[in-house]
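S.K.: Here you go, sequence then predicted model.
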Amino acid sequence: MKNELTVAENLEFWQSFLSSPGAAGLPVEDAAEAVGLSGITHLPFGYLSAGQQRRFAFAKLLVAHRPVWILDEPTAALDASADRLFAGLIEAHLAKGGIVLAATHQPLGLKNAQELKMTGFAGVDQGVWG
């Protein structure tokens, strides 16, 4: 997302850039409403708080349908209500046959999620890694 562009301009760019025939995403204002931030898409992206920017990153997923979401720390900078909102977006994506692969340090609050916990690596006990 470009700080100088409005939220709407950013989302419209990604919607156009990532569009594929037969797989339409949500309109920009609907995506903004889905992430709880309707009415501020006219603001420059750089004016938003870290949490608002993160929510609009979710909206980016919604404006251009992609069956697989690969996410790195998707709930960083979010409060508890935004965490729940995000879990709902993921659940809706999964219900439509989507797939989500997320790297995170905290649980995402998802039902039936499969986890791979990275607790250590070979050589850690011997000081190989520092």
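M.R.: Nice, I can see it. Numbers count the residues shown, from 1 in each chain.
S.K.: Give the other helices and strands that the helix or strand Phe86 falls within contacts.
M.R.: Using DSSP states H and E, Phe86 sits within helix 80-95. On a contact count with 3 or more C-beta pairs under 8 Å, 6 or more residues apart in numbering; DSSP states H and E, helix 80-95 meets helix 50-63, strand 99-103. Quick note: C-beta positions are derived from backbone N, CA and C, even for glycine.
S.K.: out of these, which comes closest to Glu73?
M.R.: Glu73 sits nearest to strand 99-103 of all those, at 6.7 Å, using C-beta to C-beta.
S.K.: before we move on, the earlier item: tell me which of the helices and strands packed on helix 80-95 sits most buried.
M.R.: Of all the helices and strands packed on helix 80-95, helix 50-63 has the most neighbours on average by mean count of other C-beta atoms under 10 Å, namely a mean of 20.
S.K.: could you check the angle strand 99-103 makes with that helix?
M.R.: 150 degrees (axes from the mean of the first three to the mean of the last three C-alpha atoms, to 10 degrees).
S.K.: following helix 50-63, which helix or strand comes up?
M.R.: strand 68-72.
S.K.: Tell me how far the spatially most central residue of the chain lies from Gly22.
M.R.: The C-alpha lying nearest the average C-alpha coordinate of the chain belongs to Phe58 (C-alpha atoms, centre = their mean; 3.6 Å). Distance, Phe58 to Gly22, by C-beta to C-beta, to the nearest Å: 23 Å.
S.K.: what do you get for Ser38?
M.R.: 27 Å.
S.K.: Show me which of the two is the more surrounded one.
M.R.: A side-by-side neighbour count of Ser38 and Gly22, using other C-beta atoms under 10 Å, places Ser38 first with 12 against 5.
S.K.: Which helix or which strand is home to the nearest residue to that one once chain neighbours are set aside?
M.R.: With C-beta to C-beta, 6 or more residues apart in numbering as the criterion, Ser38 has its nearest non-adjacent residue at 4.8 Å, and that residue is Ala32. Per DSSP H and E: Ala32 is located in helix 28-34.
S.K.: Fine by me, we can end here.
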